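Chemist: just the structure for this:
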Amino acid sequence: MTKELLAEVKQGLQRLQDELNKGHTRAFLEYLQTLGRFHQYSFHNSILIWLQKPDATLVAGFRRWQELGRWVRKGEKGIRILAPIIKKVVKEDADGLPLEVEEVVGFRTAYVFDISQTDGKPLPDRLIAQGPESLYPRLKALCPFPVEETEDLPFGTEGSTNGHRIRIRASLSPAAKAAILIHEWAHGLLHYQDPGKNLPPPVQELEAEATAYVVGTRLGLDMAGSRDYILSWTGNIALEDHNLIQRIASAVHSILHRLEAKPVQVPEAA
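Modeler: This next block holds a predicted model:
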């Protein structure tokens, strides 16, 4: 069964790649929406959830739903995902002494259900969406690249990065600054080291816009511009060898994990 799921992932990826190569982006955009909702899952599992239930919003196992005061309705079909098999093994520590650690030794098929497949008591709102006035300072504080606000940018340019720092036009609104910061953050992660730095510029822009769309939407920003850019992709550059989907998923996870895992105190404006 595990081999079957991995084969389904491979087929799903090939479908996305083929459609992008033809300039068809609806399925890609649909997957990006799933990725934003389930970025904490592995890349393979985000693909599996999208393939089986693209409208899923919150999934959990049968027993977990019971713990949360909800139950899966009779007759509902589970979403198959890959769950790690963890065993305790003995290794040597830095001093050569035996040390018992937990290690992933394989995977098994598990089943989860979307909240739409359950009944029971309401769950608390877990969204991390927030207004751009508070979001932009938080993004700026947590970004691994120094951020400079300036008007000294070429005409028509709202943001740029050289892989070491990010520059954003100072006169923009907080919402625009937040969206551009995410886009440039994605460039910094993806396109200033191998293999990303050798990708054609249109592919780099597609990766950055797709990452910004997922992260920005998750954070409650209006990412209509990124959505329109993705929908306008012409497919004039072949993507088969670029691992584009995996790279976007990795960047999304890196940014959202940093935002969700590290609370930060942002100084109030004077």
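Chemist: pLDDT score assigned to residue 93?
Modeler: Looking at residue 93, its pLDDT stands at 79.
Chemist: which SS state does the residue nearest to it when sequence neighbours are not counted fall under?
Modeler: Using Cβ to Cβ, 6 or more residues apart in numbering and skipping residues adjacent in sequence, the residue nearest residue 93 is residue 99, 4.3 Å away. C-beta here means a position set from N, CA and C on the backbone, and glycine is covered the same way. Here residue 99 is recorded as strand under DSSP: H, G, I helix; E, B strand; the rest coil.
Chemist: tally of neighbours for residue 95?
Modeler: Each residue near residue 95 was counted by other Cβ atoms under 10 Å, and the total is 6.
Chemist: quick one: contacts for it?
Modeler: For residue 95, no residue meets the contact criterion (Cβ atoms under 8 Å, 6 or more residues apart in numbering).
Chemist: Three-state assignment for it, please.
Modeler: Under three-state DSSP, residue 95 comes out as coil.
Chemist: make 86 the starting number, not 1.
Modeler: Will do, 86 is the new start, and the previous item becomes residue 180.
Chemist: quick one, phi psi at it?
Modeler: Reported as degrees, to the nearest 10, the phi and psi values for residue 180 are phi -100, psi 10.
Chemist: hang on, the earlier thing: quick check: bridge partners of the residue nearest to residue 178?
Modeler: As for beta bridges, residue 184 partners with residue 176 under DSSP bridges.
Chemist: any chance you could map the helices in the protein?
Modeler: Applying DSSP state H to the chain gives helices spanning 87-106, 111-122, 128-137, 147-152, 217-227, 259-275, 286-303, 309-316, 329-346.
Chemist: as a markdown table, those with mean pLDDT, distance to residue 241 and mean neighbour count would be great.
Modeler: Listed next are the helices of the chain as a markdown table, based on pLDDT from 0 to 100; distance: least, Cβ to Cβ, whole Å; neighbours: other Cβ atoms under 10 Å:
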| stretch | mean pLDDT | distance to residue 241 | mean neighbour count |
| --- | --- | --- | --- |
| helix 87-106 | 91 | 27 | 15 |
| helix 111-122 | 94 | 26 | 19 |
| helix 128-137 | 95 | 35 | 22 |
| helix 147-152 | 94 | 50 | 14 |
| helix 217-227 | 88 | 21 | 18 |
| helix 259-275 | 96 | 13 | 24 |
| helix 286-303 | 95 | 15 | 23 |
| helix 309-316 | 94 | 14 | 16 |
| helix 329-346 | 91 | 25 | 19 |
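Chemist: cheers, nothing more for now.
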